[in-house]
Structure formats: structure tokens, C-alpha cells
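Asker: okay, sequence plus prediction incoming.
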Amino acid sequence: MNLDEQIRLNITEESLSPKFENIIVENGDQIIIRSNLKSMEDINEWVKELGIRTDSHWNSRKSQPKGDLFAVKIKLDTTQTRRSDDFIRKLKEKITIYTKVNVTVAFKENPFAVAVLTPIMKRAHSLKTSEEIIFVDSTSSCDAENHTITFMLTPCSAGAVPVGIFITKGQTEESYKQGLNLMNVCGKNFPAVEAKEKHEIATLALGQEAPSVAFYQPFRLNASDVSSFDSCIDEIAPSTSQPFTVDNHTEHGVQPDSNKEEKRES
């Protein structure tokens, strides 16, 4: 029996520290041990206990030295490394709390998406402008899990008012479709959205899931540096026979141009 086989036989649930929750998973020629270690002190204690119980010597290191024996990788339980199922579990626990303050939260796991509707967003769904124009923008990746936040707003006399936000894992077409589907399900009067932007994937998702809003102008957050949006103004299938023009120097930015045909003739 070689050393590898001997160490394998010694690693059992009885050989692991009872102070921690341990799960042994065998995957081919690998043994994976999952434990609820939350600090370097926990790691050192766990490794020391393993050596005592298996009559072997182990070192906990941040780097992986060259060798032919075993490589042990430790992953701490932090917000960056926490598994998505833990996040979903915590989300389920808080949904009842959100409901008590009239906040609607819904999610799907595959692909992952979360839709959020606050009371002011629900009120904005009844605005006439929400049937005519919707502003949409997505942030870049917000964390190690590549989550993206998409904001949806409509203009009103007080400025821009949000009609909803949704969070997706990545910016794939399926993720956007999932987020928009959740918005349509959650919002009783949520406006069906048809929109396009420079991002090709978002264009496909928004176009397939949104059949009614006729005009869309991308915007960007003040904190974001998205130079490609500076001159990005798209005109999408106006719902009336009267064409639209966009003037960034006007107060409202969007106005009907009734003299467009006369300009063409001249």
C-alpha cells in the first residue's frame, strides 16, 4: 500500500475535527472535504486536529508548493465565495419581510434572476408615459459572482421615476429574458417593454420579451463611464404615424416633429 492509499483510508468522518461540520465527497481520484471554516484560526485548528487523528503531518499554506502528493485548497465563507444556494436561501427568508412593507420580490434559479418592485415603482406603472417610453440601463459586473443590476425608468413631471429593477447573473440573452419575464409577472400593470440598445444581447432579450413600447433612448448613470452611450440614441418603431426626433439640448429630450416631411421636401 503506497502513501496516497494509506492517507485515503485514514480520512473518514471520525478522523475529522468534531468541532466543525464536515462533509466528505469522493470524486474519482480526489477526496473533497467541505467544512464550515470561517477564519485562518479555524483552518489551522482543523488541520492540526486532522494530523493528530490520522497520525500524519499537514501544513496550512496560502500557496500551493510543487509536489506529487496532495493539494489542499481552503475557501473561506465570505460574500465573494458564498455559494449561490446560500444566497437563495437567505433571499427566501427575507421575502416575507419585504412583503410586509409592500415590496414585491420574485426570483428564478435557472437562469438566476431577481425582480424587485417597491411601492413607488408600482405606482409608476399607471403613468401614461410608462406605456410610451422606458429608459433601460445595466451596470457592469457588481461582484465576484458576476451579478448585473438593470434599471428601468419612465419620465414624469418630477423627472425620472423607476418602474422596476432586476438582478441577473451575467448579461446573457436568457438572463435578460428571465428578468423581464419576472417583471411582467410581478407587476399587475407593468408595461410590456420593447426596446433596443447598443448591447446586442440586451437588444435580443428586450425585443423578444417586450411587444408594446415604441420608443427607447439609452441613458447612463452619472457614476458610470460608458462612452459608447454618449451619442447613442435609437429610434424604434414609433406607435404613431408622427415621427419622433431627439434633441439632447431640449428640456424633455423627446418631441414629435410634425415638420419632418416639409424639411425633406425643401
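Answerer: That came in fine, so what should we check first? This is a predicted model, so every value here is computed, not measured. Residues are numbered from 1 along each chain as shown.
Asker: what about the helices in this protein?
Answerer: Listed in chain order, the helices of the chain (DSSP state H) span 3-10, 40-54, 84-100, 119-124, 173-186, 200-209, 260-265.
Asker: and the average pLDDT for the second one is what?
Answerer: The one in question is helix 40-54. When pLDDT is averaged along helix 40-54, the result is 79.
Asker: on that earlier part again, go through the helices of the chain and find the least confident stretch.
Answerer: Checking each of the helices of the chain, the one with the poorest mean pLDDT is helix 260-265, at a mean of 45.
Asker: state the distance from the residue lying closest to residue 104 once chain neighbours are set aside to residue 154.
Answerer: Among residues not flanking residue 104 along the chain, residue 117 sits closest, at 4.2 Å (CB to CB, 6 or more residues apart in numbering). For glycine as for every other residue, the C-beta is placed from the backbone atoms N, C-alpha and C. Counting by CB to CB, to the nearest Å, the gap from residue 117 to residue 154 is 14 Å.
Asker: who has more neighbours out of the two?
Answerer: For the pair residue 117 and residue 154, the greater number of neighbours falls to residue 117 (26 against 22), based on other CB atoms under 10 Å.
Asker: how near is the more buried one to residue 171?
Answerer: When CB to CB is applied, the distance between residue 117 and residue 171 equals 21 Å.
Asker: same question for residue 41.
Answerer: Looking at residue 41 against residue 171, where the rule is CB to CB, the gap reads 39 Å.
Asker: ignoring the adjacent residues along the chain, who's closest to residue 108?
Answerer: Nearest residue to residue 108 in three dimensions, chain neighbours excluded: residue 178, at 5.5 Å (CB to CB, 6+ apart).
Asker: the one you found against residue 169, yeah?
Answerer: No: using CB atoms under 8 Å, residue 178 is not in contact with residue 169, being 9.5 Å away.
Asker: overlap of the contact sets of those two?
Answerer: Contact with both residue 178 and residue 169 is made by residues 111, 112, 113, according to CB atoms under 8 Å, 6 or more residues apart in numbering.
Asker: highest neighbour count among those residues?
Answerer: In terms of neighbours by other CB under 10 Å, the shared contacts of residue 178 and residue 169 top out with residue 113 at 26 neighbours.
Asker: pLDDT value on it, please?
Answerer: Residue 113 is assigned a predicted lDDT (pLDDT) of 88.
Asker: OK, contacts around it?
Answerer: With CB under 8 Å, 6+ apart as the criterion, the residues that contact residue 113 are 107, 166, 167, 168, 169, 175, 178, 179, 182.
Asker: most neighbours among those residues, please name it.
Answerer: With neighbours set by other CB under 10 Å, the maximum within the contacts of residue 113 is found at residue 179, which has 29 neighbours.
Asker: for that one, which non-adjacent residue is spatially closest?
Answerer: Of all residues beyond its chain neighbours, the one nearest residue 179 is residue 166 (3.6 Å), with distances taken as CB to CB, 6+ apart.
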